[in-house]
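> I'll drop the sequence and a predicted model, then ask my questions.
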Amino acid sequence: MPRTSKLTSGVDLDFDANVENAIYSSNGEGYDFAVLDVIDKTKKITFSTAKQGERLGDSTNPEFLLDSTDWSNFVVGKVSTYGSDKTSSAREQAKEDNDLLDEINYCAYLGLPAILISITEENCVLMARVINFSLLHSHHIMTVWVRISADDAEGNFLQSAWKIWNKFRLLCNHNSRIGLALELKSDLPDLSEMKQWLGEPVRCVILNTGVFLTNKKGFPVLSKAHQSVLGKFFGIKCQIVVTGPNNHDAGMRVYQQYIDHLYNNRPTPDQYQIFADGYEDYLQAPLQPLMDNLESSTYEVFEKDPVKYRRYREAIHACLEEKHKNADKPVVVMVVGAGRGPLVKAALQASKDTNVKIKCYAVEKNVNATVTLELLKRTKWLEDDVTVVGCDMREWEAPELADIVVSELLGSFGDNELSPECLDGTDRFLKPGAVSIPCSYTSFLAPVSSQKLYNEVMATSNHEKDKPKVTSFEMPYVVRIHNFYGLDEPKPAFTFTHPSKKEEMEGDAPHLKNSRYIEMKFDVSTETILHGFAGYFECQLYGDVDISILPATHSPGMFSWFPIFFPIHSPMHLQKGDKLTVNLWRVCSPQKVWYEWAISTPTASCIHNPGGRSYTIGL
């Protein structure tokens with residue numbers, strides 16, 4: 001069904017041969033679509049043996065025949081459950097397979113957007129084979145919602161339900177057109193356990209009317225636990241389907257109204273969430289600002305960040321106050337990688353706030369951006385001592401030494417846009433005791449499960465026919481990681497501090513000082529599938545002024561950076577209690593920098609991106 005800012009909900013109306021009645025009934029109760037059986041399940045029939053009035057829509061009045069848009073917006077089909085009887089002969093099983101295909105093909109003929117199937121431990125393999133065959137050998141784009149109950153007879157939620165789903169998903173080779181229809185029961189596991197499902201492709205959450213409680217006014221409500229869980233699934237834009245008997249005089253509408261009330265009363269999104277809306281799980285190649293000149297619109301997006309430049313201004317303010325309050329001549333501030341001037345503005349404002357005069361150099365290699373800087377100098381900075389320099393900071397011969405160097409060269413993984421290499425080039429024009437803002441930054445890595453991200457990377461590899469398939473799985477992506485489950489907390493990887501120590505810059509191969517290697521160990525708390533690693537950074541600008549995209553310390557409202565994602569070639573099945581060992585390299589040559597990564601326990605993977613064969617960052 002369509003995904004919009006509005007909650008989309010459906011109601012399970014079982015079988016109705018007259019689609020006019022079904023749509024009228026569901027819309028009349030406030031629902032967006034109806035979930036209907038393909039054939040009348042009260043009769044022991046198959047699609048091929050069904051008579052008039054026993055198939056979905058075959059009793060609809062001719063004047064109400066739906067066009068494809070109506071079918072694709074108002075109806076989800078429930079196909080019959082087959083394959084549960086393991087005593088069936090091969091002939092009987094083949095007949096059941098054909099009966100299931102008949103129903104699926106009919107739904108495709110009608111143009112339904114999705115079908116709902118129910119699987120159990122008994123029929124999982126047989127249903128998977130038929131569904132996979134249908135998806136691979138048909139031209140329709142219909143998706144499959146796999147209904148999984150939130151517990152089994154013994155209440156073993158994770159141990160049973162996830163195993164069944166995972167088996168089905170693996171049998172169908174992570175097909176992106178297969179999603180989950182997760183049914184929540186009255187008894188829920190802890191929220192910490194439920195979070196595992198946030199990494200799965202949950203298309204809808206099914207709520208039985210029996211799960212609802214009745215408040216003092218006689219209306220249906222959910223327990224606090226159910227509200228909390230539902231809120232998490234609202235966050236990944238799941239749809240809701242209400243099923244079961246109507247237990248209220250006001251009809252099924254009251255369930256939809258209550259769910260809509262919960263959705264509309266979610267916490268107000270912050271600036272980061274507003275900015276990220278629509279970018280969830282959308283893969284982007286990291287910027288290569290040393291090789292490519294950014295467009296004005298790209299600069300404009302970054303300049304709208306309400307937090308980053310305020311923090312930079314506070315850092316420059318603190319440095320001027322602490323180290324230069326009584327300076328008898330202007331403090332030399334060099335903004336390297338000045339872009340369209342936001343850091344220059346921050347430095348000038350900090351100068352006014354502290355009453356400490358500065359002499360500012362705006363160094364920018366993008367000749368197009370220097371046009372904007374020169375314009376600002378002639379109009380906005382007429383009374384300020386600003387010199388615009390159109391040059392690569394690594395090649396610039398500064399006319400004097402700097403007291404403070406300010407830069408915004410960080411990428412989503414901290415060092416992945418070559419901040420270390422760029423700032424190494426500025427060390428030669430620093431005064432003794434000069435300050436770099438930022439003065440240090442640390443990258444962090446965490447293992448994640450996200451079939452959504454895996455499917456996105458796979459789709460990229462399928463589109464790029466001229467490249468080996470491994471290429472897409474051997475490069476990092478900037479992405480607003482959304483539909484995911486974190487297996488363990490992020491751990492620090494690489495730290496860089498500035499200015500560099502003099503002895504680090506000496507020797508025959510100074511570029512090697514920025515090469516790094518680390519072995520990281522993570523604990524696996526539940527059986528799951530590993531799809532890759534999420535990367536973040538923390539940065540100390542100056543003193544106690546910092547910025548961060550690490551989830552635990554994320555600078556509120558800052559949206560200049562999304563996390564980074566390092567995929568792996570093949571999803572890895574992990575067991576509860578496993579110790580996951582990850583090996584990560586940052587490799588430097590005189591011309592380029594690249595990352596390599598691998599898993600060494602509990603099962604060894606290949607080394608990804610060896611020698612930078614698929615992805616490098618050019619110097």
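The structure has been received and is ready for your questions. Numbers count the residues shown, from 1 in each chain.
> count of residues packed around P447?
Neighbour count of P447, defined by other Cβ atoms under 10 Å: 27. Quick note: C-beta positions are derived from backbone N, CA and C, even for glycine.
> in the chain, where's the longest helix?
Counting residues, the longest helix found in the chain (DSSP state H) is helix 90-110.
> chain center to that helix: distance?
Here helix 90-110 shows a centroid-to-chain-centroid distance of 36 Å under the convention Cα atoms, centre = their mean, to the nearest Å.
> what about it, average pLDDT?
Within the predicted structure, the mean pLDDT of helix 90-110 is 89.
> what about the stretch 401-550 of the chain, any weak spots by pLDDT?
Counting by pLDDT under 70, the ranges of the stretch 401-550 of the chain that qualify are 465, 502-510.
> now do the strands in it.
Residue ranges of the strands in the stretch 401-550 of the chain, as given by DSSP state E, counting those that start in this stretch, are 402-407, 430-437, 440-449, 477-478, 485-486, 491-497, 516-523, 528-542, 545-548.
> format those as TSV; extra columns: distance to P468.
Conversion of these to TSV gives the following (distance: least, Cβ to Cβ, whole Å):
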stretch	distance to P468
strand 402-407	36
strand 430-437	40
strand 440-449	24
strand 477-478	17
strand 485-486	29
strand 491-497	27
strand 516-523	26
strand 528-542	18
strand 545-548	36
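> among the ones you listed, which is nearest G244?
G244 sits nearest to strand 485-486 of all those, at 28.6 Å, using Cβ to Cβ.
> now do the helices in the stretch 451-600 of the chain.
With DSSP state H, counting those that start in this stretch, the ranges of helices along the stretch 451-600 of the chain come out as 451-463.
> give me the residue at the spatial middle of this structure.
I481 (2.0 Å; Cα atoms, centre = their mean).
> is it true that that residue touches P551?
No - counting by Cβ atoms under 8 Å, no contact exists between I481 and P551, whose distance comes to 9.8 Å.
> list the helices and strands the host helix or strand of T69 packs on?
T69 belongs to helix 68-74 when assigned by DSSP states H and E. Helix 68-74 is packed against helix 19-28, strand 33-37, with contacts defined by 3 or more Cβ pairs under 8 Å, 6 or more residues apart in numbering; DSSP states H and E.
> run me through the strand neighbours of the very next helix or strand once past the longest helix of the chain, direction for each.
Helices and strands here follow DSSP H and E; after helix 90-110, the next one along the chain is strand 114-118. Strand 114-118 has the following sheet partners, assigned by DSSP bridges: strand 75-78 (parallel), strand 143-149 (parallel).
> got the angle between strand 114-118 and strand 33-37?
50 degrees (axes from the mean of the first three to the mean of the last three Cα atoms, to 10 degrees).
> with just CA atoms, put the helix or strand that strand 114-118 is followed by into CSV.
Next helix or strand after strand 114-118 toward the C-terminus (DSSP H and E): helix 124-136. As requested, C-alpha coordinates have been extracted for helix 124-136 and formatted as CSV (Å, rounded to 0.1, in the frame of the first residue of the first chain):
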residue,chain,number,x,y,z
CYS,A,124,7.7,-23.1,5.6
VAL,A,125,9.9,-24.9,3.1
LEU,A,126,7.0,-25.9,0.7
MET,A,127,5.5,-22.4,0.7
ALA,A,128,8.9,-20.8,0.2
ARG,A,129,9.5,-22.9,-2.9
VAL,A,130,6.2,-21.9,-4.5
ILE,A,131,6.5,-18.3,-3.6
ASN,A,132,10.1,-18.1,-4.8
PHE,A,133,9.1,-19.7,-8.1
SER,A,134,6.3,-17.2,-8.5
LEU,A,135,8.5,-14.2,-7.8
LEU,A,136,11.2,-15.4,-10.2
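> which elements pack onto the helix or strand of the chain with the lowest mean pLDDT?
Lowest by mean pLDDT, DSSP states H and E among the helices and strands of the chain is helix 191-194, with a mean of 77. Under the contact criterion of 3+ Cβ pairs under 8 Å, 6+ apart, helix 191-194 touches helix 224-235.
> how about the helix it packs on, which residues are buried there?
225-226, 229-230, 232-234 (16 or more other Cβ atoms under 10 Å).
> just put the residues you listed in CSV and tack on distance to K167.
What follows is the buried residues of helix 224-235, written out as CSV (distance: Cβ to Cβ, whole Å):
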residue, distance to K167
A225, 28
H226, 27
V229, 24
L230, 26
K232, 24
F233, 22
F234, 28
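> out of those, who's nearest A181?
Taking Cβ to Cβ as the measure, A181 lies nearest F233 of the buried residues of helix 224-235, at 11.6 Å.
> the closest one touches R203, doesn't it?
No - counting by Cβ under 8 Å, no contact exists between F233 and R203, whose distance comes to 10.3 Å.
> what's the residue nearest to W197 when sequence neighbours are not counted in contact with, if anything?
Distances taken as Cβ to Cβ, 6 or more residues apart in numbering place L182 nearest to W197, at 6.2 Å, with adjacent residues excluded. Contacts here follow Cβ atoms under 8 Å, 6 or more residues apart in numbering; on that basis L182 touches 148, 150, 197, 202, 204-206, 233.
> host element of L182?
Using DSSP H and E, L182 sits in strand 178-184.
> any idea how far that strand is from the chain center?
The gap between where strand 178-184 is centred and where its chain is centred comes out at 19 Å by Cα atoms, centre = their mean.
> run me through the strand neighbours of that strand, direction for each.
Looking at strand 178-184 with DSSP bridges, its partner strands are strand 143-149 (parallel), strand 202-208 (parallel).
> any idea of the mean pLDDT for that strand?
Per-residue confidence for strand 178-184 averages out to 94 on the pLDDT scale.
> C-alpha coordinates for it, CSV please?
Included here for strand 178-184 are C-alpha records, laid out as CSV according to Å, rounded to 0.1, in the frame of the first residue of the first chain:
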residue,chain,number,x,y,z
ILE,A,178,9.1,-10.4,0.5
GLY,A,179,8.2,-8.6,3.7
LEU,A,180,6.9,-9.4,7.2
ALA,A,181,3.4,-9.1,8.5
LEU,A,182,4.1,-9.3,12.2
GLU,A,183,1.2,-10.2,14.4
LEU,A,184,1.4,-9.0,18.0
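> model confidence for D85, exactly?
Looking at D85, its pLDDT is 62.
> can you tell me the number of residues neighbouring the residue nearest to S589 when sequence neighbours are not counted?
Leaving aside its chain neighbours, S589 sits nearest to H511 (7.0 Å; criterion: Cβ to Cβ, 6+ apart). Burial measure for H511: 16 neighbouring residues, criterion other Cβ under 10 Å.
> look up how far C391 lies from H511.
Distance, H511 to C391, by Cβ to Cβ, to the nearest Å: 21 Å.
> distance of T69 from V75?
Distance of T69 to V75, computed by Cβ to Cβ: 11 Å.
> quick one: which of the two has more around it?
Set side by side, T69 and V75 give different neighbour counts by other Cβ under 10 Å, the larger being at V75 (28 against 9).
> right, and the more buried one touches D37 too?
No - under the contact definition of Cβ under 8 Å, V75 does not touch D37, with a separation of 11.1 Å.
> what sits in contact with each of the two?
If you check V75 and D37 against Cβ under 8 Å, 6+ apart, the residues they both contact are L56.
> so what's N583 up against?
If a contact means Cβ under 8 Å, 6+ apart, then N583 has 517-520, 597-600, 607 as its contacts.
> now F47. Nearest residue, chain neighbours left out?
Of all residues beyond its chain neighbours, the one nearest F47 is D102 (4.1 Å), with distances taken as Cβ to Cβ, 6+ apart.
> the one you found: neighbouring residues, count only.
When neighbours are counted by other Cβ under 10 Å, D102 registers 18.
> and if you look at G111?
Applying other Cβ under 10 Å, I find that G111 has 18 neighbouring residues.
> done for today, thanks.
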